[in-house]
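Chemist: Here's a sequence, model it:
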Amino acid sequence: MIRNKRNIWKNSIIRERLSWYYKVMNNWAPAKFLICKKIESEDPTKLDIKNLWDLHRELSKDFDKIFEGIKSERI
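Modeler: Numbering: from 1, shown residues only. Next up, the predicted model:
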């Protein structure tokens, strides 16, 4: 059993699977919600459910591009 929460990061499997969260924890990368806050959107309160899902798909693509750029250190 790991008693010290810092020791958990010495486990290579955990560090590999949670690498993004490790970077966020150490302020080496932005949290995903901060990336989302930077993506501009139309007012979703005026959309019906179909258009909400369309908007979600569109914004998800924007997020994915930005996120991949950050992960590959292009941004």
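Chemist: Point to the residue nearest the middle of the protein.
Modeler: Among the residues of the chain, the one closest to the centroid is residue 32, at 2.8 Å (Cα atoms, centre = their mean).
Chemist: who's in contact with residue 30?
Modeler: Residue 30 sits next to 24, 70 when contact means Cβ atoms under 8 Å, 6 or more residues apart in numbering. (Glycine included, C-beta is placed from N, CA and C.)
Chemist: Tell me the secondary structure at it.
Modeler: coil (DSSP: H, G, I helix; E, B strand; the rest coil).
Chemist: List the buried residues for the lengthiest helix in the chain?
Modeler: In the chain, ranked by residue count with DSSP state H as the criterion, the top helix is helix 49-71. Across helix 49-71, burial judged by 16 or more other Cβ atoms under 10 Å covers 59, 66, 67, 70.
Chemist: That helix packs against which elements?
Modeler: helix 32-37 (3 or more Cβ pairs under 8 Å, 6 or more residues apart in numbering; DSSP states H and E).
Chemist: would you turn the buried residues of helix 49-71 into TSV with distance to residue 46?
Modeler: Output for those, formatted as TSV (distance: Cβ to Cβ, whole Å):
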residue	distance to residue 46
59	15
66	25
67	27
70	31
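Chemist: Quickly name whichever of these is closest to residue 24.
Modeler: residue 70 (10.9 Å; Cβ to Cβ).
Chemist: My read is that the closest one contacts residue 29, right?
Modeler: Yes: counting by Cβ atoms under 8 Å, residue 70 touches residue 29, with 6.5 Å between them.
Chemist: Which neighbours do these two have in common?
Modeler: Counting by Cβ under 8 Å, 6+ apart, nothing touches both residue 70 and residue 29.
Chemist: For this structure, give me the ranges with low pLDDT.
Modeler: Applying pLDDT under 70 to the chain flags the ranges 1-5, 75.
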